[in-house]
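Enquirer: below is the sequence, then the predicted model.
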Amino acid sequence: MNIFGSIRTATGSARTCSRRLGEPGPSRWTVSTGPSRVALSVTRAHLSARRTFYSSTVTDYTPTTALRLPRWVNNSKSGAPRDQQSSTLLDEADSSQTGVRLDSAEDGQSPPPASAPPSTPPSSSSSSSGDGSDSADPPPSPPPESPPPSPTSISKQSVPENYPQVLALPIARRPLFPGFYKAVVIRNPEVVSAIKEMMRRGQPYLGAFLLKDENADSDIITDINSVHPVGVFAQITSVFTASSNKEGEKEEGLTAVLYPHRRIRITELVKAGQLAKVEPVESTQADTTTETEAQLPTPPSEREGLPMTMQTSFLEKFSVSVVNVDNLATQPYNKDDQYIRAFMSEIVSVFKDIAQLNPLFRDQIANFSINQVASNVFDEPDKLADFAAAVSTGDPNELQDVLESLVVDDRLRKALLVLKKELINAQLQSKLARDVDSKIAKRQREYYLMEQLKGIKKELGMESDGKDKLIEKFRERAAALKMPEGVRKVFDEELNKLQHLEPAASEANVTRNYLEWLTQIPWGRHSPENYSISHAQTVLDEDHYGLKDVKDRILEFLAVGKLRGTVEGKIICLVGPPGVGKTSIGKSIARALNRQFFRFSVGGLTDVAEIKGHRRTYVGALPGKIIQALKRVGTENPLVLIDEVDKIGRGHNGDPASALLEMLDPEQNTAFLDHYMDVPVDLSRVLFVCTANMLDTIPAPLLDRMEVLEVSGYVSEEKAQIASKYLGPQAKEAAGLKEADVQLEPSAVDVLIKYYCRESGVRNLKKHIDKIYRKAALKIVRDLGEDVFPEPTPVPTVETAAVDTAKPDESAEALSAVEKQDAPPDIPGAPETSTPHTSAAEKEEKERIVTTVQREPVKVPETVHVRITPESLKEYVGPAVYQKDRLYVQAPPAGVSTGLGYLGNGSGAVMPIEAISMPGKGGILLTGKLGDVIKESSQIALSWVKSHAYELGITKTPDELFLTDRDIHVHMPEGSIGKEGPSAGTALLSAFVSLFTKTKINPDIAMTGEISLVGMVLPVGGLKEKILAAHRAGIKTIIAPAGNRPDIEENVPESVKTGIRFVYVEDVKEVLHEVFRGEAVAERWKDTLSL
């Protein structure tokens, strides 16, 4: 395409040069004769709101060599050498007066002429015909009014092949590729002004280079290393003015549409941009032009560094970046090369695949194909590679590599890599979209089919809609119940409300849940009760041994119910140490009465809502435990066991113990009001059984509503019977030795009870018996080996079982495979969820076979006989826990007595008390982890001894001072065991008297009882356990308070009392006479300390 389209000489005295910017096509020069004096003026067009720059006029000048032959104009197509053309033009300029006019036209297509602004004089503007004729034009006349060219129109201009110096514009995020338009936004006012000036001068060319920092965004280059050296030479086809939307900011932006033509490389930075802000020119100043501004070209200013060429010298006054560049040409290639053709075919194939997956990508290809009417991009390898990179959304560095590649096959390879990644991304997006669409489509299809099915069934009368069916279900439930009148009224109101609510409404869900609970309470339903005394006696004896008082009370309860026909208003509280069978007694009562059983624990309960329920206004509201119990059991007369009632808590949500008052009060629970149900519920037919370990922590109002039954501990004989009748057979069957000849001898059980399990309950005894039978099972398996007890055949795989027709019961239906989940490796720092593989075979096995076939038990041979004797007991349960029953077997020194205590685990113990004196100031020191009550008992005992020192023979006169220079130290052995209670009063006093009179106490005498300050002996508790401990220790005489005589005679078994002499006392003087009987001091006390 020849830059010089035509050169013609015009007649007349006026010489004009008019240019219309933004028009495509080659430039056309017209020379006419005129005055020799050079008068240069430039009329600036009126700036509209969109600031469209479209015309400039130059009049009355004599072109210089530089102006007539600009360096950047390409004349290679004119048919003459550059020097020859230059001389010809110079000759023509010197010989005549010429007028030069620059028009734009290409292929006969010319945009409509731009109208001159009103401020431009008619004589200073001209328009070109654009027809390419050689006839001379008359003097210019005012152009007709026509609309200005659209700023969004994309137009082409003849592009110089050599443009050594350009304005450098950095580009962010992705590079530009030759032949593909790109719109960029420019905010720097200096760069904006420079681009406007370039457009006005008809030099809309710049260099676009990608910034190395992806997060940077600048319009100038301060450092040549901040951008990639290879960029594109681009033409500004159109510009748009974009003002800032922020108030108070006058900065203007510019959107420029760039059309890259070729690749270029930066050789050096001629002029670096500055960040100085330039104030925008006022609109009044923009309309007026001065003669200094209109001078063309602008003389360069003083500047250090490389000089600027003529075509960019006007950029000196702008703080912009100017660089020297070299053109980069694609290396020659053979279009028919097999590698190039293979790359092109693969790129085209990937294009097709992406276009099928990504509609947006398909639209980009279509738009590009429309714009490329002149040539087929798929026939040119270099353009195809640029096209592939331009339309992809790859990494900026990868795209820059494509731009910098000058070898065609290397460029195609890099472009194919970028395109392949685009294809993988498109495939992933398509898969995700298909998955979501399939799920939505499936749900929609199911919804439509269900709606159609409902409609069909409704038309046929087979089924009504969901709401009608739900209401009908509630009506059927209510018809089968005997609701009270008030409850029936509430039910009808709620059902009527549900009928008028939409199913999707939140209130409908709340109402439906309420009606569910209201119709699932067993109104009027009860299980027929069995009040047979003989049946109840049989059931209680089967489940428990001993507990005569508890069984008698239950039989009394049943007898009253048999006569009255009901057992309303009874709340039983079973109190006793752990492991005595309180919970199992409740189960036995339910079985004896043929009632449903429900148990819940209130230990640690701190929320009243667990008892009374939540309000219906709360999300996830539920009724209380008792309403849930009625729904679970389905009858209104169950046995409800409330466990651990002594451990109920109290928190910020109220006091649950107080909430239990209404539920357990026979006078109030006939109309128990739950917060959720909000209708009265009759709980009078419910039999409540509570359990507790102690009564001290139960609130007094709650304890007043319950009938307390004390379940004391078991004595050794009772434990032996329980072990032989209940615990032994259960443990034997649980160990798989039901049919085997394994016997636990009674003598071994006695040793187990005396030296391993002294607790009042049998829970610890059960654990030890279970351990004995487990050890026996292990010993049998080890001794007989795998030959007698072989493992079953390996579990077949799923495939093997599927083809095995000989075993239809063990088919593949009973087998399945699950993902293998092994324990984490025992390696420090290893993750807890890791799955180790210790062998190659295990690495290959990724699944583990599971089955539903039950494994058959193995029968122990009849030749196996195992006997557990006292001698072999240590092999099964280890050494004895309790080594000896009492500390002193021989006569202890003076100051030592023997007391009886009650331990926290429900067992009794023989506890020696030691006292010594030492020089001091008359104080008393107590050790042995003693509680406050036992410390007070020590002070009381010492005070009584001091006050009766003369009567006891410790002092010689009544007025003699005693213990003024001596300290007393009292210790109770086994210091790690806490000791508390008043039971040691008599033993402490006896130890003090023994110490001060230097008289020994017989170790076969044990005593218990609380003393007062005046010497009275008060009754204490736990006599059964204390006497049992004394019986084990071989105590022959027990001194007990007279107030405990009925308890001992009635509750302590005769087998325990055998061999023990009981002495009942009411005063400490009786204790001293009995303890020191036969001693010299006792003879003297007959006169001074008479009874």
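Expert: Ah, there it is.
Enquirer: every contact and neighbour count from this point should use C-alpha atoms.
Expert: OK.
Enquirer: care to break the protein down by domain?
Expert: Per the TED database, the domain ranges recorded for the chain read 162-244+251-271+312-329, 338-426, 467-519, 533-713, 717-787+863-877, 896-1086.
Enquirer: weakest of those by average pLDDT?
Expert: With a mean of 77, domain 338-426 has the lowest mean pLDDT of the domains of the chain.
Enquirer: hmm, back to that, how about the domains of the chain, which one is nearest Q883?
Expert: Ranking the domains of the chain by their distance to Q883 (criterion: Cα to Cα) puts domain 717-787+863-877 first, at 6.9 Å.
Enquirer: need the contact partners of stretch 608-616.
Expert: Identification of contacts with stretch 608-616 by Cα atoms under 8 Å, 6 or more residues apart in numbering yields 510, 621-626, 653-656, 659-660, 673-676.
Enquirer: start to end distance for it?
Expert: From its first residue to its last, stretch 608-616 covers 15 Å (Cα to Cα, to the nearest Å).
Enquirer: go on, stretch 706-724?
Expert: One end of stretch 706-724 to the other measures 34 Å (Cα to Cα).
Enquirer: buried stuff in that stretch?
Expert: Neighbour-count burial for stretch 706-724, with 16 or more other Cα atoms under 10 Å as criterion, is recorded at 706, 708-716, 719-723.
Enquirer: ok, I642 - contacts?
Expert: By Cα under 8 Å, 6+ apart, the contact set of I642 is 599-602, 688-691.
Enquirer: pull out the buried residues from those.
Expert: Buried members of these, scored by 16+ other Cα under 10 Å, are 599, 601-602, 688-691.
Enquirer: how far does the helix ranked longest in the chain sit from the chain's center?
Expert: Counting residues, the longest helix in the chain under DSSP state H turns out to be helix 408-460. Offset of helix 408-460 from its chain centre (Cα atoms, centre = their mean, to the nearest Å): 29 Å.
Enquirer: helices and strands around that helix, which ones?
Expert: For helix 408-460, the packing partners by 3 or more Cα pairs under 8 Å, 6 or more residues apart in numbering; DSSP states H and E come out as helix 338-357, helix 381-391, helix 396-404.
Enquirer: following element in sequence after it, please.
Expert: Next helix or strand after helix 408-460 toward the C-terminus (DSSP states H and E): helix 466-479.
Enquirer: now the angle from that next one to helix 408-460?
Expert: Helix 466-479 runs at 50 degrees relative to helix 408-460, counting by axes from the mean of the first three to the mean of the last three Cα atoms, to 10 degrees.
Enquirer: which neighbouring elements make contact with helix 466-479?
Expert: Against helix 466-479 (3+ Cα pairs under 8 Å, 6+ apart) you get helix 485-499, helix 506-520.
Enquirer: could you pull out the helices in the stretch 951-1091 of the chain for me?
Expert: 985-997, 1023-1033, 1045-1051, 1054-1057, 1068-1075, 1080-1088 (DSSP state H, counting those that start in this stretch).
Enquirer: what's the closest of the contacts of I642 to P189?
Expert: Using Cα to Cα, the contacts of I642 come closest to P189 at V602, 78.6 Å.
Enquirer: quick one, which of the domains of the chain is packed in tightest?
Expert: Mean neighbours per residue, mean count of other Cα atoms under 10 Å, is largest over the domains of the chain for domain 162-244+251-271+312-329, with a mean of 21.
Enquirer: how distant is that domain from the center of its chain?
Expert: Taking the mean of its C-alpha atoms, domain 162-244+251-271+312-329 sits 51 Å from the chain's own mean (Cα atoms, centre = their mean).
Enquirer: and that domain, how far apart are its ends?
Expert: Terminal residues of domain 162-244+251-271+312-329 are spaced 12 Å apart (Cα to Cα).
Enquirer: secondary structure class for L784?
Expert: Using DSSP: H, G, I helix; E, B strand; the rest coil, the structure places L784 in helix.
Enquirer: check what pLDDT G248 gets.
Expert: Listed pLDDT for G248 reads 46.
Enquirer: cool, and R15?
Expert: We have a pLDDT of 39 for R15.
Enquirer: the one 10 residues further on now?
Expert: At G25 the predicted local distance difference test score is 39.
Enquirer: rewinding a little: which one of the buried ones among the contacts of I642 is nearest E786?
Expert: Using Cα to Cα, those come closest to E786 at R599, 44.6 Å.
Enquirer: pretty sure that closest one sits in a strand.
Expert: Yes. R599 forms part of a strand when assessed by three-state DSSP.
Enquirer: quick one: contacts for it?
Expert: 640-643.
Enquirer: do V877 as well
Expert: Applying Cα under 8 Å, 6+ apart, we find V877 in contact with 768, 771-772.
Enquirer: for Y876, find the nearest of the helices and strands packed on helix 408-460.
Expert: Closest approach to Y876 among the helices and strands packed on helix 408-460 is made by helix 338-357 (74.1 Å; Cα to Cα).
Enquirer: what are the contacting residues of the closest one?
Expert: By Cα under 8 Å, 6+ apart, the list of residues contacting helix 338-357 reads 335, 361-362, 378, 381, 384, 388, 408-409, 412-413, 416, 419-420, 422-423, 426-427, 430.
Enquirer: now do stretch 911-919
Expert: With Cα under 8 Å, 6+ apart, stretch 911-919 has contacts from 886-888, 895-901, 965-973, 987-988, 991-992, 995.
Enquirer: now the strands for the stretch 901-1050 of the chain?
Expert: All strands of the stretch 901-1050 of the chain, identified by DSSP state E, counting those that start in this stretch, fall at 908-919, 924-927, 966-971, 1005-1007, 1010-1011, 1017-1018, 1037-1041.
Enquirer: how about the last one as CSV, C-alpha atoms only?
Expert: Coordinates of the C-alpha atoms in strand 1037-1041 are reproduced here as CSV (Å, rounded to 0.1, in the frame of the first residue of the first chain):
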residue,chain,number,x,y,z
THR,A,1037,-15.8,-57.5,122.4
ILE,A,1038,-17.6,-54.4,120.9
ILE,A,1039,-18.6,-51.5,123.0
ALA,A,1040,-21.6,-49.7,121.4
PRO,A,1041,-24.1,-47.0,122.4
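Enquirer: how many neighbouring residues does the residue nearest to P484 when sequence neighbours are not counted have?
Expert: Nearest non-adjacent residue to P484, counting by Cα to Cα, 6 or more residues apart in numbering: W523, 8.0 Å away. Neighbours of W523 under the rule other Cα atoms under 10 Å: 21.
Enquirer: against D682, how distant is W523?
Expert: W523 is 9 Å from D682, where distance means Cα to Cα.
Enquirer: now, the contacts of stretch 608-616 that are in helices?
Expert: 510, 625-626, 656, 659-660.
Enquirer: can I get the residues you listed in a markdown table with distance to R867?
Expert: Formatted as a markdown table, the ones in helices among the contacts of stretch 608-616 follow (distance: Cα to Cα, whole Å):
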| residue | distance to R867 |
| --- | --- |
| V510 | 65 |
| K625 | 49 |
| I626 | 50 |
| P656 | 52 |
| A659 | 55 |
| L660 | 52 |
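Enquirer: show me which of these is closest to E936.
Expert: Lowest distance from E936 to those (Cα to Cα) belongs to P656, with 35.5 Å.
Enquirer: just checking, what packs against the host helix or strand of E733?
Expert: E733 is located in helix 728-734, with elements delineated by DSSP H and E. Under the contact definition 3+ Cα pairs under 8 Å, 6+ apart, helix 728-734 sits against helix 763-788.
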